[in-house]
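**Q** Here's a sequence, model it:
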Amino acid sequence: MQKNQTKKAALYIRVSTHYQIDKDSLPFQRNELINYAKYALGIDDYAIFEDAGYSGKNTDRPAYQDMMRRIRAKEFSHLCVWKIDRISRNLLDFAAMYEELKKFNCTFVSKNEQFDTSSAIGEAMLRIILVFAELERKLTAERVTSIMYSRANKGLWNGAPIPLGYKWDAKGKYPVIDEDTAVVVRYIYDQYERIHSTMKLSDKLNRENIKSARGGEWTGTTVKGILRNPFYKGTYRYNYKTQTGRIKPVEEQIVHEDNHPGIIDKEQWDRVNKILDENSTRSVAQLRSNVKYTHIFSKLLRCGQCGHTMGGGLDRARSDGYRPSRYYCTSHTRKAGCTNGVYSDVYLGPFVFNYIANLVRAQRALTDSQKPRDLERMLLRGKFFDSVAGIEQQGLLDTYNTILYGSGEDVMLQPSPEIAAQSASELELLDRDQKKYERALERIEQLYLYSEESMPEKDYVLKRNELKAMLDNIAERRAEVNSRLGLAPASSDFLEKATYFYLTNSLNQKRSLDFRKMVDTFEPKMLQDFLCSVIDHIVVVDGHVASISFKNGLTNKFIYKATKPPKSASTKP
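**A** Residues are numbered from 1 along each chain as shown. As a prediction, this is how the structure comes out:
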């Protein structure tokens, strides 16, 4: 407990339909808890939360949800119930709730069981409960895994996405060849034997307007996925990779040769995969180096000539050992005529980060007695904007009006460190809850679809709807937190990074931000996460940053002086 926290108790009361037969149940619990809070805990300040006619099998109860929201706001020092099963009959829900209580310094007290987590015995009892909760989670996972393994050993389908070239056969409960799309798979194998390049083949498929399984563009990765998949030669493979993509030992894999009709004959599949192996051996060193490095602007840059995305790679090392990234238009191999150059972190980093810093400072300094041109001077302050003549008028006016008259959600506000820390903690709990409920949803779907003793459809639908409602509630709570911070919904991740706290202190400094110092201080992924939290995309063309579009809908377009572009910004690819 925090030393200076005022004691205030949340008194939670619940009766199910069964308990409503006893009309005195609610008043009885209420009086018992009020007296216990006053005379046993010495707490006179309390709030009562009542859920009448709600089951304890889940937490989808209005008063309970309202109480937890106020606990997350650190309003209460104690949560008191008459009996443990009043708060929850679900061990997993109880364990999750207690993790939140600990996070927000709230003591759990059960009057009937004399259960108080502020005492050593109370904490010990709860730890025992949590051990069994963890055991229940593991046993459930083992049961599901056992069912999946049993089905795989029989060569039965285990619910993965249907490969391109196949369609679902409801009668046989297994994919069968779909001749309408199987021709695409055969074409891919035939062309790869001739081209020997997944990237060139993906370009060819895109030029010929051949759609991928999801209807989008082809990439080298999607082409390779089809060429490497033994399902196309009639082999069923299960438990091949871990969730992180690592290939499992052969003895752990389940493989059934000739399990179903293949689209490709085995001889061609072997020839194609031999070519892939040879190409992989030649390029493995380069691939590894690319995987290890995050290019700060790779998710944000768009080509101002053709509108395509910009790819990233490592540039040459500088004399001090710093090796920036360089970015290029990925349409060079697809569309003739795109002559956009190569852009370096050396130019992009100082320009973009200092522009964000100027915008944050301007929103704190701008007054209604000043004009849009005053804002423009604030935004273009610093040596990194010497080549910029001005900001396009409409974008400047939008920014001016947003800063002076927009709502808190429209402006790039900086919350206080206290609010940021509290919000980061709450977002962390929401992320954990979301993962928990997503796993639970996946488990019940697997049990319903594949278990030999499948759960009744009614129970499945009820539980599925319950879990989806919980996920919707988490999404709403996350939106509330982000709204409190003045951030876009997708920005929660960067709050967990030290970058946020660095920028909180740095963006208001009068001096320019030192991009090189930031690169030395933080991982590229941290800087990338921060940029992605406030910027939607950046357009680059003719060696310059043409525009920056922010998450809040503002777009600032830059007008440049008639001078040559900076040398570090653009060179020939």
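
**Q** Outline the domain layout of the chain.
**A** With domains defined by automatic domain parsing, the chain comprises 1-153, 166-289, 293-415+486-573, 420-472.

**Q** Mean neighbour count, distance to Gly159 and mean pLDDT added to these, as TSV?
**A** C-beta coordinates here come from the backbone N, C-alpha and C atoms, glycine included. Output for the domains of the chain, formatted as TSV (neighbours: other Cβ atoms under 10 Å; distance: least, Cβ to Cβ, whole Å; pLDDT from 0 to 100):
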stretch	mean neighbour count	distance to Gly159	mean pLDDT
domain 1-153	16	9	79
domain 166-289	14	10	84
domain 293-415+486-573	17	29	77
domain 420-472	15	6	70
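
**Q** would JSON lines of those domains with distance to Ala160 be doable?
**A** Converted to JSON lines, the domains of the chain look like this (distance: least, Cβ to Cβ, whole Å):
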{"stretch": "domain 1-153", "distance to Ala160": "11"}
{"stretch": "domain 166-289", "distance to Ala160": "9"}
{"stretch": "domain 293-415+486-573", "distance to Ala160": "28"}
{"stretch": "domain 420-472", "distance to Ala160": "12"}
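
**Q** Restricting to C-alpha, output the helix or strand hosting Gly349 in PDB.
**A** For Gly349, the host element (DSSP states H and E) is helix 345-365. Taking Å, rounded to 0.1, in the frame of the first residue of the first chain, the C-alpha atoms of helix 345-365 are listed here in PDB:
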ATOM      1  CA  ASP A 345      18.600   8.500 -42.000                       C
ATOM      2  CA  VAL A 346      21.300  11.200 -41.900                       C
ATOM      3  CA  TYR A 347      18.700  13.600 -43.600                       C
ATOM      4  CA  LEU A 348      15.400  12.100 -42.600                       C
ATOM      5  CA  GLY A 349      16.100  11.700 -38.900                       C
ATOM      6  CA  PRO A 350      17.000  15.300 -38.000                       C
ATOM      7  CA  PHE A 351      14.300  16.700 -40.300                       C
ATOM      8  CA  VAL A 352      11.400  14.600 -39.000                       C
ATOM      9  CA  PHE A 353      12.200  14.500 -35.300                       C
ATOM     10  CA  ASN A 354      13.000  18.200 -35.100                       C
ATOM     11  CA  TYR A 355       9.700  19.000 -37.000                       C
ATOM     12  CA  ILE A 356       7.800  17.000 -34.400                       C
ATOM     13  CA  ALA A 357       9.700  18.800 -31.600                       C
ATOM     14  CA  ASN A 358       8.800  22.200 -33.200                       C
ATOM     15  CA  LEU A 359       5.200  21.200 -33.500                       C
ATOM     16  CA  VAL A 360       5.000  20.200 -29.800                       C
ATOM     17  CA  ARG A 361       6.700  23.400 -28.700                       C
ATOM     18  CA  ALA A 362       4.400  25.500 -31.000                       C
ATOM     19  CA  GLN A 363       1.300  24.100 -29.500                       C
ATOM     20  CA  ARG A 364       2.400  25.200 -26.100                       C
ATOM     21  CA  ALA A 365       3.600  28.600 -27.200                       C
END
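
**Q** Could you look up the next helix or strand downstream of it?
**A** Using DSSP H and E, the first helix or strand after helix 345-365 is helix 372-379.

**Q** can you list contacts of that next one?
**A** For helix 372-379, the surrounding residues in contact (Cβ atoms under 8 Å, 6 or more residues apart in numbering) are 355, 358-359, 361-362, 365-366, 390-391, 393, 396-397, 399-400, 403, 556.

**Q** For the helix holding Gly349, name the packing helices and strands.
**A** Under the contact criterion of 3 or more Cβ pairs under 8 Å, 6 or more residues apart in numbering; DSSP states H and E, helix 345-365 touches strand 325-329, helix 372-379, helix 393-405, helix 515-521, strand 535-541, strand 544-550.

**Q** so which of those gets nearest Asp45?
**A** Closest to Asp45 of the helices and strands packed on helix 345-365 is helix 393-405 (Cβ to Cβ; 40.2 Å).

**Q** Now do the closest one: distance to the chain's middle.
**A** Per Cα atoms, centre = their mean, to the nearest Å, the displacement of helix 393-405 from the mean C-alpha position of its chain is 31 Å.

**Q** which strands and helices sit next to that helix?
**A** helix 345-365, helix 372-379, strand 555-560.

**Q** for the helices and strands packed on helix 345-365, which one sits closest to Glu278?
**A** With Cβ to Cβ, the closest approach to Glu278 among these belongs to strand 325-329: 27.0 Å.

**Q** Paired strands for the closest one, with orientation please.
**A** Strand pairing for strand 325-329, using DSSP bridges, gives strand 310-314 (antiparallel), strand 343-344 (antiparallel).

**Q** Outside of that strand itself, list whatever touches it.
**A** 293, 295-298, 301, 303, 305-306, 308, 310-315, 338, 340-345, 348, 524, 540, 573.
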